[in-house]
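Engineer: Coordinates only, no sequence provided:
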């Protein structure tokens with residue numbers, strides 16, 4: 001008789017993906033690059049507008065990202081679709097990513113790539129200053 005699981009999972013594999021931009025940095029200070037960006041919005045539904053962006057995380061890194069007016073302008077255009085951007089440090093690299101995306105909507109987003117590139121620029125500048 002086959003071994004049947006008494007509590008089966010209610011669904012199979014989901015068709016959602018996370019698009020990660022990975023920055024390879026070998027530094028002892030990678031843990032200082034933890035940050036998350038959320039939109040400050042006004043209005044509801046189709047009248048929803050982004051008034052500002054707020055970076056949380058490590059104070060020094062969040063202040064650097066918050067002070068970049070170009071990055072803030074780029075984020076205001078993208079955050080309604082992406083909702084939040086996370087900078088997640090690992091031992092030998094740093095991941096920059098947004099929310100989960102369904103496979104039907106999975107496509108390369110040039111605006112998100114430019115945002116990840118701008119964040120990576122700030123990370124590299126901070127690492128250069130400390131070395």
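Structural biologist: Now that the structure is in, tell me what you want to look at. Not measured: the values here are computed from a predicted model.
Engineer: Pull out the buried positions in the strand or helix carrying residue 124.
Structural biologist: Using DSSP states H and E, residue 124 falls within helix 110-130. Residues of helix 110-130 classed as buried under the neighbour-count rule (16 or more other CB atoms under 10 Å) are 112, 115, 116, 118, 119, 120, 122, 123, 126, 127. For every residue, glycine as well, the C-beta is placed using N, CA and C.
Engineer: swap in stretch 68-83?
Structural biologist: 68, 71, 72, 74, 75, 76, 78, 79, 82.
Engineer: Check stretch 82-98 too.
Structural biologist: Quick answer for stretch 82-98 (16+ other CB under 10 Å): 82, 85, 86, 87, 89, 94, 96, 97, 98.
Engineer: Going by distance to residue 3, which of those residues wins?
Structural biologist: residue 97 (38.1 Å; CB to CB).
Engineer: Let me know the distance separating that closest one from residue 51.
Structural biologist: According to CB to CB, to the nearest Å, residue 97 stands 24 Å off from residue 51.
Engineer: Same check on residue 36?
Structural biologist: 18 Å.
Engineer: And those two? Which one has more around it.
Structural biologist: Neighbour totals were compared for residue 36 and residue 51, and residue 36 leads with 14 against 10 (other CB atoms under 10 Å).
Engineer: mind checking how far the helix or strand that one falls within is from the chain centre?
Structural biologist: Here residue 36, judged by DSSP H and E, is contained in strand 35-42. Centroid separation between strand 35-42 and its chain, computed with CA atoms, centre = their mean, to the nearest Å, is 11 Å.
Engineer: Now do the helix holding residue 124: which elements does it pack against?
Structural biologist: The contact analysis (3 or more CB pairs under 8 Å, 6 or more residues apart in numbering; DSSP states H and E) places helix 110-130 against strand 20-24, helix 59-67, helix 69-82, strand 84-89, strand 93-97.
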